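> give me a model of this one.
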Amino acid sequence: MEIGVNLPNAGSKEFRDTAALVDRLGLDSVWVGDHVVMPSQVNSYYPYASDHQWPHPATDDWYDPLLSLAWAGAATSTVQLGTAVLVLPLRDPIILAKQVASLSAITGRRVLLGVGVGWMKEEFDALHVAFGKRGRRAEEMVDVMRRLWSGRPVSFEGEFFAMDRLCAHPIPTQPPLILWGGHSSASLRHVARVGDGWYPLRLTRDEFQKASEELRAVCDETGRDPKSLTVCVGLGPSRNLTAEACEWYFEHGAQHVVCRPPLDPDECREELVRVAALRSQYG
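Numbering: from 1, shown residues only. You can find the predicted model right below:
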């Protein structure tokens with residue numbers, strides 16, 4: 001069992017110190033969130049709140065996730081660097097492949113590339129990306145990036161992207177794991193078809209079990225071994241991370257859990273020390 005920590009790269013730039021503490025305490029990973037632009041008015045259905053309303057003001061600072069991880073990586077030595085989750089279809093796959101490979105090569109760390117297709121239509125409209133085609137675009141992007149990370153010249157022609165004998169160096173220090181966020185049927189199909197793993201967020205245990213069963217069924221349909229997938233679970237506030245929770249998720253197929261400590265520096269330190277003590281139980 002591995003334990004990771006969400007860094008507050010939305011609304012705060014003090015996450016570097018938190019990353020350094022996570023590293024010193026022997027935890028396994030740090031994670032950052034993502035939004036590119038924030039419309040003044042958001043009417044899209046937000047899946048992670050009980051009222052399904054987006055709770056953040058448009059003026060909140062959202063630091064770029066890969067730059068944030070580079071900043072955190074400079075203050076750490078061993079932790080894996082993760083996105084939870086990157087809104088994949090808003091990017092260009094060639095540029096993103098270069099950024100991820102550079103981050104991995106510079107830090108000497110594995111990048112855990114948590115990705116999703118996004119839910120905020122207004123953000124897609126602002127960037128002139130077709131919201132209705134975001135799932136197909138995202139899967140094609142994964143194909144393109146993996147080809148570019150091979151170090152070999154890439155020729156490709158798809159629905160959204162085309163290239164002829166392109167090379168992109170450096171190549172990653174370790175192949176990035178692509179973990180698909182979400183728990184909808186469409187998200188689980190992305191996991192089974194082109195994912196290295198699954199990163200569900202803020203599910204109840206019943207919801208996690210139900211989605212896990214559906215994922216196994218989809219894997220059976222596609223000929224994928226579900227045991228080949230890395231399952232990383234976002235548990236929300238660090239108070240949710242207990243020894244009992246770790247045992248339960250491990251028994252139900254998770255290899256990695258991630259929590260969010262308090263923003264207050266003293267409370268954050270206290271919670272991370274507690275979480276690190278839990279981590280030590282797993283070797």
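> where do the helices sit along this protein?
Secondary structure of the chain by DSSP state H: the helices cover 15-24, 65-74, 93-107, 121-126, 134-149, 185-194, 205-222, 243-251, 265-280.
> give the rounded mean pLDDT of the shortest one.
Read it as helix 121-126. Here helix 121-126 scores 97 as its mean pLDDT.
> bridged to the spatially most central residue of the chain, which residues?
By CA atoms, centre = their mean, the chain has its centre lying nearest to Gly114, at 2.3 Å. Beta-bridge pairing for Gly114 (DSSP bridges): Leu179.
> which ones are touching it?
If a contact means CB atoms under 8 Å, 6 or more residues apart in numbering, then Gly114 has Trp31, Gly82, Thr83, Ala84, Val85, Leu86, Leu179, Trp180, Gly181, Tyr199, Cys232 as its contacts. No exception for glycine: its C-beta is placed from N, CA and C like everyone else's.
> so where's this protein uncertain?
283 (pLDDT under 70).
> wait, which of the helices of the chain is closest to Ser155?
Ser155 lies closest to helix 134-149 among the helices of the chain, at 8.9 Å (CB to CB).
> can you mark which positions in that closest one are buried?
Within helix 134-149, the residues scored as buried using 16 or more other CB atoms under 10 Å are 134-135, 137-142, 144-149.
> one step back: from the contacts of Gly114, pick the one nearest Ile3.
Using CB to CB, the contacts of Gly114 come closest to Ile3 at Cys232, 10.4 Å.
> how many residues are close by the closest one?
27 (other CB atoms under 10 Å).
> ok, it touching Leu179?
Yes: using CB atoms under 8 Å, Cys232 is in contact with Leu179, at 5.7 Å.
> what is in contact with those two at once?
Joint contacts of Cys232 and Leu179 (CB under 8 Å, 6+ apart) are Gly82, Leu112, Gly114, Gly197, Trp198, Tyr199.
> report the two of these separated the most.
Of all the pairs that the shared contacts of Cys232 and Leu179 form, the one spanning the most space (CB to CB) is Gly82 and Trp198, at 13.4 Å.
> among these two, which residue is more densely surrounded?
Gly82 (30 against 27).
> any idea which of the shared contacts of Cys232 and Leu179 is closest to Val36?
Nearest to Val36 among the shared contacts of Cys232 and Leu179, with distances taken as CB to CB, is Gly114, at 15.7 Å.
> distance-wise, check that closest one relative to Arg165.
From Gly114 across to Arg165, the span is 31 Å (CB to CB, to the nearest Å).
> ok, now Val32?
In terms of CB to CB, Val32 sits 34 Å off from Arg165.
> more neighbours: the two, which one.
Using other CB under 10 Å, the more surrounded residue of Val32 and Arg165 is Val32, with 28 against 9.
> now the more buried one. Nearest residue, chain neighbours left out?
Asn9 (4.2 Å; CB to CB, 6 or more residues apart in numbering).
> contacting residues for the residue lying closest to Gln41 once chain neighbours are set aside?
Setting aside the residues directly before and after it, Gln41 is nearest to Glu122 in space (CB to CB, 6+ apart), at 7.4 Å. Taking CB under 8 Å, 6+ apart, we find Glu122 in contact with Pro39, Gln41, Val42, Asn43, Ser44.
> among those, which one lies nearest to Glu270?
Nearest member of the contacts of Glu122 to Glu270, counting by CB to CB, is Val42, at 34.2 Å.
> so how far is Pro57 from the closest one?
10 Å.
> ok, those two, which is more surrounded?
Neighbour totals were compared for Val42 and Pro57, and Val42 leads with 18 against 9 (other CB under 10 Å).
> give me the neighbour count for Ala49.
Ala49: 11 neighbours (other CB under 10 Å).
> what sits against it?
Neighbours of Ala49 in contact, by CB under 8 Å, 6+ apart: Pro55.
> how close does it get to Gly114?
20 Å.
> ok, Phe161 next?
Phe161 is 22 Å from Gly114, by CB to CB.
> same thing with Ser44?
Taking CB to CB, one finds Ser44 at 20 Å from Gly114.
> do Ser68 as well
Counting by CB to CB - Ser68 and Gly114 are separated by 13 Å.
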